[in-house]
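In: Here is the input, now give the coordinates:
(one chain, ligands or ions: 1)
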Amino acid sequence: MSLRNGEFHALLDDASGAPADYVRDVAWTKRALERWMVDRKFRDRFAEDAETALKEIGAPLVPEQLYPLLGDGGEASGNEREVPVSVLRYQEFVNEKLSYRRALRAHGQETSDQRMAAWRRRQLKRCVGELGASRSEAIVHAPAAFELSKGCTVGCWFCGVAAPKFDHNLPYTEDNAELWRTTLGTMKSVVGESLSDAFLYWATDPLDNPDYEHYLTDFHRILGRCPQTTTAIGHKDVERTRRLLELARDLGSKVDRFSIIGTSLLHQLHDAFTAEELLRVECIPQNKEAAKLYRKSNAGRARKFAHKRGDELVPEASSSTIACVSGFLFNMVERSVQLITPCNASDRWPLGYWVLDKGTFDTGAELGELVEAMIARSMRTRLRLGDPVRLRSDVQVTLEEGLLVASSLGQRMTLAQKDLEDVAECLTEGMASAEDFAIRRERRTGTPLPETLAWLNMLFDEGLLDEEPEPAESGRTPVALGMPGRAAS
Ligand code: SF4
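Out: Coordinates of the predicted model:
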């Protein structure tokens, strides 16, 4: 059941056109659900006496307005027409946020550099296969992220990117501001308009930098969009946070986020801001009491605590990563940039992303050259004849009713209908280059060489072939994948 035409109001852009009771319904439903997710005492109180529990937090709601969203009232009523209108309004709000995320993901598909666009399309497909459809759908694959500090003051035990201890910030001096704007301009010429999907933190908390708002404003001026802010310290200086939320809203930010790492932190934020003020600010439950309802990724620093706090993490058998960039990760303090893309966190890639290349720069010109070299080295658009052809290590090959089938967590594809064992051996052992493979197949089955090369390129485009770089920890430089050679087709 949904709202009829004319009853729905979009709230993420400009909620000023929506009736006050509409905004209040959604804002307070959101707030009560946040309390329920984060606060065990509230959950207990709600189970015992829901009406009083809602009154105690000042919610202008009755329990029937929450039951359907907690998974019990909808069925209990047995009649869709009895679902309160506030529930439908809230569900439309959730749908609006999901549409926004899908649009964000689609927006980033195209980049000005066609090599980067092809590489990103391939990594998106690989991620579906490696991480599974639902996990990968949650990844926006931003083309870049910019850290404005070195390290993070918060030190969460579960930090999925293992942020180091805070060291220092990039102050917004004249020189640094100049380099910042040059960096954005240079990257805009490479990435294009979708650079506006980038954000200004990674293994950092944006509010650690007292000049964050200046960098944010420059970003908006150059790229026309306000990047999303996610912070775990929004409660520390409430007036600053309020000004930042107002600034972000004025610059068009649709969604910002508070990371809730303790129950009392949510209480502080709920006390400091009205439900309406936090309408477009997601409160992400990261506290212990919410653990079973909202599991954390088994990535980064959390992996070290898996033996003690495993029940708070997603199970080992499921995919885990919090990385959401397929592109360039900057640290503006170090003036460094890495080319990264998400992967399932493992002992080999504990941070949940591959690092394919990295370098440092001091000027816009140096950055331009560095990024061009990274793209040329690491973003092949086609297989080269000398490239080894091997399926990704997470892809299983099976014989099913006379067909050779490749499958992984999120992908399934028929590979071949003839010469099955040979194809299976070559693709799983990685014993041949693309050229060797095609010649061998031509000899054995008469398949014309160009046909095999085109087929291998199709597998490559689907992200099925292994492109995993050597991890930086191994001491080997993570540079070009494959070997130089002629184009395969
Ligand atoms: S999760 Fe965020 S706030 Fe916590 S340590 Fe990592 S970067 Fe800092």
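In: For residue 12, give its distance to the ligand.
Out: For residue 12, the distance to the ligand (Cβ to the nearest ligand atom, to the nearest Å) stands at 24 Å. Heads up, the C-betas are built off the backbone N, CA and C, glycines and all.
In: quick thing: my sequence starts at 742, can you match it?
Out: Renumbered: residue one is now 742, and that last one reads residue 753.
In: Quick check: phi and psi on that residue?
Out: Per-residue torsions, residue 753: phi -80, psi -30 (degrees, to the nearest 10).
In: for the closest residue in space to it that isn't next to it in sequence, helix, strand, or coil?
Out: Using Cβ to Cβ, 6 or more residues apart in numbering and skipping the chain neighbours, the partner closest in space to residue 753 is residue 995 (4.2 Å). Recorded secondary structure, residue 995: coil (DSSP: H, G, I helix; E, B strand; the rest coil).
In: In terms of helix, strand or coil, where does residue 931 fall?
Out: The three-state assignment at residue 931 reads helix, by three-state DSSP.
In: Would you mind listing the residues in contact with it?
Out: Residues near residue 931 by Cβ atoms under 8 Å, 6 or more residues apart in numbering: 852-854, 857, 1109, 1112-1113, 1116.
In: Please identify, among these, the one with the most neighbours.
Out: Among the contacts of residue 931, the one with the most neighbours (other Cβ atoms under 10 Å) is residue 857, at 26 neighbours.
In: In contact with it, which residues are there?
Out: Contact analysis of residue 857 by Cβ under 8 Å, 6+ apart lists 884, 931-932, 1068, 1116, 1120.
In: same thing with residue 1157?
Out: 1144-1145, 1164-1165.
In: Can I get the helix or strand containing residue 981 in CSV, CA atoms only?
Out: Using DSSP states H and E, residue 981 falls within helix 979-991. The C-alpha coordinates for helix 979-991 follow below in CSV (Å, rounded to 0.1, in the frame of the first residue of the first chain):
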residue,chain,number,x,y,z
VAL,A,979,26.6,21.2,18.9
GLU,A,980,26.6,24.8,17.6
ARG,A,981,29.2,24.1,15.1
THR,A,982,27.3,21.0,14.0
ARG,A,983,24.1,22.9,13.7
ARG,A,984,25.8,25.5,11.5
LEU,A,985,27.3,22.8,9.4
LEU,A,986,24.0,21.1,8.9
GLU,A,987,22.4,24.4,7.9
LEU,A,988,25.3,25.1,5.5
ALA,A,989,25.1,21.6,4.0
ARG,A,990,21.3,21.9,3.6
ASP,A,991,21.7,25.4,2.0
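In: starting at the chain centroid, how far to that helix?
Out: Centre-to-centre, helix 979-991 and its host chain are 24 Å apart (Cα atoms, centre = their mean, to the nearest Å).
In: any low-confidence regions in the protein?
Out: By pLDDT under 70, the low-scoring segments of the chain are 742-747, 813-822, 849, 1032, 1060, 1158, 1172, 1212-1230.
In: can you list the residues of it near the ligand?
Out: 893, 895-897, 900, 904, 944-946, 973 (Cβ under 6 Å from any ligand atom).
In: give me the element residue 1178 is part of.
Out: helix 1175-1186.
In: neighbouring contacts of that helix?
Out: Residues from elsewhere that reach helix 1175-1186 (Cβ under 8 Å, 6+ apart): 1124-1130, 1159-1160, 1163-1164, 1167, 1173, 1188-1190, 1193-1194, 1197, 1226, 1229.
In: Recalculate using a threshold of 10 Å.
Out: By Cβ atoms under 10 Å, 6 or more residues apart in numbering, the surrounding residues in contact with helix 1175-1186 are 1123-1130, 1157, 1159-1160, 1163-1164, 1167-1168, 1171-1174, 1188-1198, 1201, 1206, 1223, 1226-1227, 1229-1230.
In: Could you report the neighbour count for the closest residue to the ligand within the stretch 992-1141 of the chain?
Out: Across the stretch 992-1141 of the chain, the shortest distance to the ligand (Cβ to the nearest ligand atom) belongs to residue 1000, at 6.0 Å. The tally of other residues near residue 1000 (other Cβ under 10 Å) stands at 19.
In: And the helix or strand it falls within, what does it pack against?
Out: According to DSSP H and E, residue 1000 maps onto strand 997-1001. Here strand 997-1001 touches helix 761-779, strand 971-972, helix 979-991, helix 1004-1013, strand 1022-1026, going by 3 or more Cβ pairs under 10 Å, 6 or more residues apart in numbering; DSSP states H and E.
In: Show me how far the shortest one is from its chain's centre.
Out: Here the centre of strand 971-972 is set off from its chain's centre by 14 Å, with Cα atoms, centre = their mean.
In: about what we covered before: spatially nearest residue to the residue of the stretch 992-1141 of the chain closest to the ligand, not counting backbone neighbours?
Out: residue 973 (4.0 Å).
In: Could I get the full set of strands for the stretch 1042-1191 of the chain?
Out: Taking DSSP state E, counting those that start in this stretch, the strands of the stretch 1042-1191 of the chain run over residues 1066-1072, 1077-1083, 1094-1101, 1137-1141, 1144-1148, 1153-1157.
In: Could you figure out how far the fourth one is turned away from strand 1153-1157?
Out: Meaning strand 1137-1141. Angle of strand 1137-1141 versus strand 1153-1157, following axes from the mean of the first three to the mean of the last three Cα atoms, to 10 degrees, is 70 degrees.
In: can you list contacts of strand 1137-1141?
Out: Residues outside strand 1137-1141 that contact it (Cβ under 10 Å, 6+ apart) are 1132, 1145-1150, 1153, 1155-1157, 1161-1162, 1164-1166, 1168-1169.
In: Weed out the non-buried ones from the contacts of helix 1175-1186.
Out: 1124-1126, 1128-1130, 1157, 1160, 1164, 1167-1168, 1171, 1173-1174, 1188, 1193-1194, 1196-1198, 1201, 1206, 1223, 1229-1230 (16 or more other Cβ atoms under 10 Å).
In: Could you check how far residue 885 is from the ligand?
Out: In this view, residue 885 and the ligand are 17 Å apart by Cβ to the nearest ligand atom.
In: From residue 937, how far off is that residue?
Out: Residue 885 is 10 Å from residue 937, where distance means Cβ to Cβ, to the nearest Å.
In: How about residue 951?
Out: From residue 951 across to residue 937, the span is 24 Å (Cβ to Cβ).
In: Looking at those two, which one has more neighbours?
Out: The neighbour count for residue 951 versus residue 937, taken as other Cβ under 10 Å, is higher for residue 937 (23 against 12).
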